[in-house]
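Student: got a predicted model here, sequence first, then my questions.
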There are 2 protein chains.
Amino acid sequence: MDTELLRQLAAPNDTKILLCVVDGLGGMPDPVTRRSELESADIPNLDHLAGDSVCGLTIPVAYGVTPGSGPGHLALFGYDPLKHEVGRGVLEALGIDFDLQPADVAARGNFCTLDAEGRIADRRAGRVATEVNVAICERLRQIELPGVQVFVEPVREHRFVLVLRGEGLDGRLAQTDPEREGVPPLPVRATDPAAQATADLANQFVKQARELIATEPQANGLLLRGFARYPQMPPLPEVTRMRAGAFAVYPMYRGLAKLVGMEVAPGGGTPKSQLDALRARWSDFDFFFYHYKKADTAGEDGNFRAKVEALEEFDALVPHLRELGADVLMVAGDHSTPSQIGGHSWHPVPFLLWSRLGSADQVDAFNEAACRNGSLGTFPAKEVLSLAMAHAGRLMKFGA
Amino acid sequence: MDTELLRQLAAPNDTKILLCVVDGLGGMPDPVTRRSELESADIPNLDHLAGDSVCGLTIPVAYGVTPGSGPGHLALFGYDPLKHEVGRGVLEALGIDFDLQPADVAARGNFCTLDAEGRIADRRAGRVATEVNVAICERLRQIELPGVQVFVEPVREHRFVLVLRGEGLDGRLAQTDPEREGVPPLPVRATDPAAQATADLANQFVKQARELIATEPQANGLLLRGFARYPQMPPLPEVTRMRAGAFAVYPMYRGLAKLVGMEVAPGGGTPKSQLDALRARWSDFDFFFYHYKKADTAGEDGNFRAKVEALEEFDALVPHLRELGADVLMVAGDHSTPSQIGGHSWHPVPFLLWSRLGSADQVDAFNEAACRNGSLGTFPAKEVLSLAMAHAGRLMKFGA
């Protein structure tokens, strides 16, 4: 349901909802065994939980759409990812745990190599060493722009994040990366007249930066893309009337939770330590987002066996997750990451929801094929939150 | 499909469609037997019909949304219930068989008890006896307002319906019920400037009513909520090019049918007598809405056994329904009413459609689990009507 309807129907209750996101959960069959990662894994706890739950497959964004982490999570948080876009710059800032503020404009930067005529010779500056990147970013922080604060944060290799902070900034700017070599970088151009002042500031930044790195052997130029303001999302706690807490090892996922207004617990540690942190704060929240990363990492690496092991590691956490005693317990994925593909994919993602109000479901295994026969069918991931709230007695009747 | 596309594709034919709505059809498994009401009932006729039909599960409004009777029925009549809302006041008027007109504004009223300072002491006036309510409503009918007719109709206990009839009335008024005690009722306030004149009239009504009931021991005040105008819906007969007749024992369902422009047969009697009435008018209509109420009532009462019996009673009608010889015969529910919950719920609802054009379907029982495996899958209830029209040869090809 859309955010406005959710806001209208949401009612307080003392029930608790636990959403476990296994990043990159879904997979594809191994061509030899014809069994997917989930089908190959020994996951007795998940299988048993599926037997007690209602199951289905979620479509993260739309048929055929391979989602990034942003849309994949926003959908599970109840937001239509086609309506609420998170810009690349914002996502990059969240990914390095940068404390982005609502009025900030962020961009993803690449250092590049320019030739004597100022044309791009290498769009990635030979994937310059991260230490070099760190030193350059340090130097760029001396840049001053009128009326705004400038943050330059290194990521890895040639990548950095630029954040402008001040009043009245506007993220509607086109990228300076022409996406080919042999031509000069483009100037920053406003795609909406209201963003002209911000475009001017960004061009000043580029000019000063070019001067400061002109003598660098590799990283003597820079390209900016994915300019974006912090998206204006109706906060989840306000819309759903639930206090919401996020527990994740990695910064990107804490950042996405922060975007929708969740309270974010300190990151780092292990899946187990995050689970302990969640348990310690059980009385502080109504809605809990627990993120488990390793399945995605293994899938991205194209490592079938590692993904199987990651799923088995998650399975071992399931009894502890059940012991928390949530009224609604869900295991979902933000998207599939089949090892066969070595990256995110559009394939529907296994999903289970346990509650006392789940009707019978003849599914007794947790994998792609079994969930397809679940009572939830194949459905949009953005419906997950309202479904959970219904099972938690947190939605009023619609209409009389 | 949406109403405009339906209008565009609808073509006349001499086929007949019979939609049987078993109110509150879907249920949940009994925790001991793990069988739902439908699975526990002896319903050989429905099971046999399912074997000859295409089956599926309908989602009345959206995932997780528990519908009231209004949205549940509008969806089955082909209207998107999120686009066509029926206000509480209108529904309440329909529920007492009040002959509501398109320009009327209706509100649901509660008599309440006010203390000496005019603050609400009891929002329901101690659930005053219906006879007292009837007498008070009689007295309130002497109220005169400039340019409009005033109707005050008792419901049960402390509830009544207020209808204003006249030119240019507007239902965009906020409720006067502050939803708590110890504070005075709110004045009627226009939520849109265009409704100010109607707000003034409603406030005059409240003032005069307060004087007329000031000496009542319990019901010395009143609260108004759910102000609404008759919704402006494109009439089903016009959109679908079908003459449509409604057959229902209870007024609410005849009222909902009237809202969408169906011709409504006299109410009352029994499911059997309504079926006889339907048979007697077989040549007068193309589309027939037949409503069976008892399954919902039993579910609302939390009475599993009574719901099983209601379903069995409906099952005994099925051979008679089949004998009518409709080209398309459907058995649907406006929503689920699991006895386990004792109220409406969001759970998908079993559905079957019999026609000569139904493709094979391996479902040979009519219940939640069996219908899940039907060829229609889990789909929105608002698609039921267009599906039926397709099977009845009443929809043209889309595009060349």
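Tutor: Alright, I've got the coordinates. Numbers count the residues shown, from 1 in each chain, chains lettered A, B, ... in the order given.

Student: in contact with the residue of the stretch 1-150 of chain A found nearest chain B, which residues?
Tutor: Using C-beta to the nearest C-beta, the closest approach of the stretch 1-150 of chain A to chain B is made by A:Met1 at 4.6 Å. Every residue, glycine included, has its C-beta placed from N, CA and C. With contact taken as C-beta atoms under 8 Å, 6 or more residues apart in numbering or on different chains, A:Met1 is in contact with A:Leu9, A:Glu383, A:Ser386, B:Ala62, B:Tyr63, B:Gly64, B:Val65.

Student: got the contact list for the fifth one?
Tutor: Yep, that's B:Tyr63 we're talking about. A:Met1, A:Phe379, A:Pro380, A:Glu383, A:Ser386, A:Leu387, A:Ala390, B:Trp346.

Student: pLDDT of the biggest helix by length in chain A, averaged?
Tutor: Under DSSP state H, the helix in chain A containing the largest number of residues is helix A:304-323. For helix A:304-323, mean pLDDT rounds to 98.

Student: how about stretch A:156-175?
Tutor: Mean predicted confidence for stretch A:156-175 is 94.

Student: list the buried ones in it?
Tutor: A:157-164, A:166, A:169-175 (16 or more other C-beta atoms under 10 Å in any protein chain shown).

Student: what of stretch A:177-195?
Tutor: A:Asp177, A:Pro185, A:Val188, A:Ala190, A:Ala195.

Student: now do it: distance to the chain's middle.
Tutor: 27 Å (C-alpha atoms, centre = their mean, to the nearest Å).

Student: hmm, who's touching that stretch?
Tutor: Defining contact as C-beta under 8 Å, 6+ apart, one finds that stretch A:177-195 is touched by A:110, A:112, A:114, A:117-123, A:170-176, A:196, A:198-199, A:202-203, A:206, A:221-225, A:227.

Student: what's the end-to-end length of that stretch?
Tutor: Across stretch A:177-195, the terminal residues are separated by 18 Å (C-alpha to C-alpha, to the nearest Å).

Student: for stretch A:367-379, same thing?
Tutor: 16 Å.

Student: do that stretch and chain B meet at all?
Tutor: Yes. Using C-beta under 8 Å from any C-beta of the partner chain, stretch A:367-379 reaches chain B at A:Asn373, A:Ser375, A:Leu376, A:Gly377, A:Phe379.

Student: and the contacts of the longest helix of chain A?
Tutor: By C-beta under 8 Å, 6+ apart, the surrounding residues in contact with helix A:304-323 are A:18, A:20, A:22, A:24, A:27, A:30, A:37-38, A:40-46, A:49, A:271-272, A:275, A:279, A:290, A:292, A:294-295, A:297-299, A:329, A:331, A:337, A:339-340, A:354.

Student: about what we covered before: what's the closest of the contacts of A:Met1 to B:Asn367?
Tutor: The closest of those to B:Asn367 turns out to be B:Tyr63 (C-beta to C-beta; 20.8 Å).

Student: what strand or helix carries the closest one?
Tutor: In this assignment (DSSP states H and E), B:Tyr63 forms part of neither any helix nor any strand.

Student: where exactly do the helices run in chain A?
Tutor: Assigned helices in chain A, in chain order: A:3-9, A:37-40, A:44-51, A:69-76, A:88-95, A:130-140, A:196-212, A:236-240, A:251-259, A:271-280, A:294-300, A:304-323, A:368-372, A:384-391 (criterion: DSSP H).

Student: correct me, but A:Gly226 touches A:Glu92?
Tutor: Yes. Between A:Gly226 and A:Glu92 there is a contact under C-beta atoms under 8 Å: 7.0 Å.

Student: overlap in contacts, these two.
Tutor: Counting by C-beta under 8 Å, 6+ apart, the common neighbours of A:Gly226 and A:Glu92 are A:Ala106, A:Arg108.
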